[in-house]
Structures are given as structure tokens and as C-alpha cells.
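*Asks:* pasting the structure only:
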């Protein structure tokens, strides 16, 4: 059986079901070819395809000639084995179906904004995304980012594969026997003096790494995209100011974790590891420092105490002390530019934090009144500093 749908962007989607044999391939081919006009893309969904014969393989070759960008997705292990044995996996773009798992009976070892983590066995965990919080492509990108970061030399857990768990998506990771800096300091604030200098050293070490071109997205482009998403809150001229401020941060090719905070830094013996590579990118290390400040001091200053503690895990005095220590060990000086530019970082997280209601309305008005009028002055005042190696 074959189902064919045409998308508005001229993509032709073909769903194959059952067994594609010598008996039914001619009829299937006739139906498909009658639907092909001049599609820019052809995607064959093989999720329900149980078997493909040599006749079916020749049909795929014919489609490949019609559209060199042909993709075959959701390929089962049985069909994938046929494609591999015949060499078709080298001729076609093949995306295997995700392995199905179950977390029934597995202990939940962590919960966050986007899902939970379950221990599968003594060696692996699954990061299970909340419904509608991820797509297959986004999970695959995160998996690839984690693998690329590991190979680059970033101390992080090994990522194995994207999976499905019922209607939800997940990502299998190596089990790291460690606790986060957030957990440890929340239980014993006296350990700030020991752990935060190590966090600063970790940041400096990863900021010495330079990924291959194209391995990670550019942080500046991520910022521009998030600023564009605020078009329901700010006027075009106000958004232009935010874009201008982003462009004032010089380009760099440095590796950035993208979400460097106490919840993503794990303590394993005497070593620190980073988890969650979803936001990994390249760019100026100033983005990282600005983000660390925003996810600590700025949230304590701007959010209700209960909300800021829920996000960061620490009370305000601990947050301020942690930033004081981090700043001392990372940049060796008190730099007011971080506070000035951190509003930019804060704004780019509004949609992620899902701010709504009266609080959001008040924040929009505050930004319009107290921050946006100062943007050009900030850019001019800190231009020399930003041109230096941070």
C-alpha cells in the first residue's frame, strides 16, 4: 500500500506499508510516478514497510534519479539490513527508525523543565523529553552535538542514541555517577569556595577549544533568532536595537556550552563534567559569561524569589557569592559590562521561561523604559573592551 501527500513547499511525501514485492511494485510505481511533477524534495516514510524486494529497490533508484535529495526515513531494522547488504545505504539518505524502549520500573533520577531522566541499568540513563518538547530532528541534533563535544575534548557524558518511549522521545546517555554543583551547594553552601573556582577553570578550558567549521551553530545567529521571536512584544525599531547589541559582540570560533550553570555542572570525584549539550554553539566566550551571570544574579534580581530558586536552586546570598567567586577566577576583575549586557541574554530566554501575564507585561515596560534607551550608549562605552580577547 502506498500513500502520497504533497506539501506546500513542493515536498512529496510517500508512505509505504507492508511488503514491496515484484507483484505489487509495478502498481505502486505507477501511482507514485503519476504524482511526481517537479518536487524539490521526496521523502519516503518506511515506518510501516516490512519488506522490500529487488523490484522495490529499483523503484527507489528511479525516485533517486527524479530527485537526488531523496530521503528514506523511519527504516526498520529488517529493511535497513536489506539496504545495508545490497549497498543501498551508501546510495541513498537513510534514516533508521528510533529504537523503542520502556521506563516502566526504572527509577526517575531527575526532573526538569523539559522532561525527566530515568536510570535504565547500571551503565545508562535516558533523558526523556516532555510531550511536544522535542522533535526527532532536535533530539538527533542534541545527540550529535554531545558526541561532537566529547570528541572535541569537552568533559561530558557519552551520548548513545535517540529513542522512543511510547509517544515521547528520549536520548540515551552514559550513566555518570555524580551530583550537580547545584545539589551539592544547596546541601552545603560552604563548598562554594571549593567548587566555583573549579567551575571557572572548566569554563576557561572549554573556551580554549575550537570546533571544526559548521560542527555547531553560531551563538550570534541563535540570539538573532530568539530576538525575532519577541516581535509580539517589541516594535521593529526596538528589535533592531537588540540585533545591533548582539552584533556589537565580536565573532569568535570558540566552543560554548550555551547553558553553563550549576545544574549542568556535575562533580565526579575531583573532576567536573558538563551535561546537556542542547545549546552548544560557537562564538565569543562573553556570551557564556553573560549567560552564567543572567542565570544567577539577574534571575535573583528580576524574578520572584520562589521562581528564581526553583530555576537556580539557590537562595539569593548564595547566588551573589557564587558570582563573586566565579568572576574573580574567570576574568580576574569586576566588569560592569556583564550586568549591562545581561539584559540581552535575559530577553533571549523569555520564550524559554514562558513568562506570561502581569509579570511579563511589567518586564516589557521596564525594558522599554530603562534598558532600550541605553543600548547605544552601552555599545559605544564597551566597544574597546569587547574587541579584546575575553
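*Replies:* That came in fine, so what should we check first? None of the values given here were measured: they were computed from a predicted structure.

*Asks:* going on from the longest helix seen in the chain, what's the next piece of helix or strand?
*Replies:* The single longest helix within the chain, with elements called by DSSP state H, is helix 136-152. Per DSSP states H and E, the first helix or strand lying C-terminal to helix 136-152 is strand 159-165.

*Asks:* buried sites along that next one?
*Replies:* With burial defined by 16 or more other Cβ atoms under 10 Å, the residues of strand 159-165 counted as buried are 159, 160, 161, 162, 163, 165. For every residue, glycine as well, the C-beta is placed using N, CA and C.

*Asks:* likewise stretch 90-107?
*Replies:* So stretch 90-107, judged by 16+ other Cβ under 10 Å, has buried residues 92, 94, 95, 96, 97, 98, 101, 103, 106.

*Asks:* Stretch 47-61 now?
*Replies:* Quick answer for stretch 47-61 (16+ other Cβ under 10 Å): 49, 52, 53, 55, 56, 57, 59, 60.

*Asks:* avg pLDDT for stretch 310-328?
*Replies:* The average pLDDT for stretch 310-328 rounds to 91.

*Asks:* got it, and stretch 21-34?
*Replies:* In the prediction, stretch 21-34 has an average pLDDT of 88.

*Asks:* contacts for that stretch?
*Replies:* Residues outside stretch 21-34 that contact it (Cβ atoms under 8 Å, 6 or more residues apart in numbering): 2, 4, 14, 16, 20, 51, 53-56, 58-59, 62-63.

*Asks:* Share the number of residues neighbouring residue 357, please.
*Replies:* Burial measure for residue 357: 7 neighbouring residues, criterion other Cβ atoms under 10 Å.

*Asks:* State the distance from residue 336 to residue 327.
*Replies:* For residue 336, the distance to residue 327 under the criterion Cβ to Cβ, to the nearest Å works out to 11 Å.

*Asks:* more crowded one of the two?
*Replies:* Ranked by neighbour count (other Cβ under 10 Å), residue 336 and residue 327 place residue 327 first, with 20 against 10.

*Asks:* Which parts of the stretch 1-150 of the chain are strands?
*Replies:* Ranges of strands in the stretch 1-150 of the chain, per DSSP state E, counting those that start in this stretch, are 2-6, 11-20, 41-52, 71-75, 93-96, 99-100, 108-112, 115-119, 124-129.

*Asks:* Who are the packing partners of the second one?
*Replies:* Same thing as strand 11-20. Where contact means 3 or more Cβ pairs under 8 Å, 6 or more residues apart in numbering; DSSP states H and E, strand 11-20 is packed against strand 2-6, helix 25-35, strand 41-52, helix 54-66.

*Asks:* again, 10 Å this time
*Replies:* Packing partners of strand 11-20 (3 or more Cβ pairs under 10 Å, 6 or more residues apart in numbering; DSSP states H and E): strand 2-6, helix 25-35, strand 41-52, helix 54-66, strand 71-75.

*Asks:* which residues touch the closest residue to residue 63 other than its chain neighbours?
*Replies:* Spatial nearest neighbour of residue 63, chain neighbours left out: residue 70 (5.3 Å); criterion: Cβ to Cβ, 6 or more residues apart in numbering. By Cβ atoms under 10 Å, 6 or more residues apart in numbering, the contact list for residue 70 reads 12, 14, 39, 41-44, 60-64, 91-93.

*Asks:* ok, 6 Å please
*Replies:* The contact partners of residue 70, taken as Cβ atoms under 6 Å, 6 or more residues apart in numbering, are 42, 63, 64.

*Asks:* Kindly report the same for residue 53.
*Replies:* Neighbours of residue 53 in contact, by Cβ under 6 Å, 6+ apart: 21, 22.
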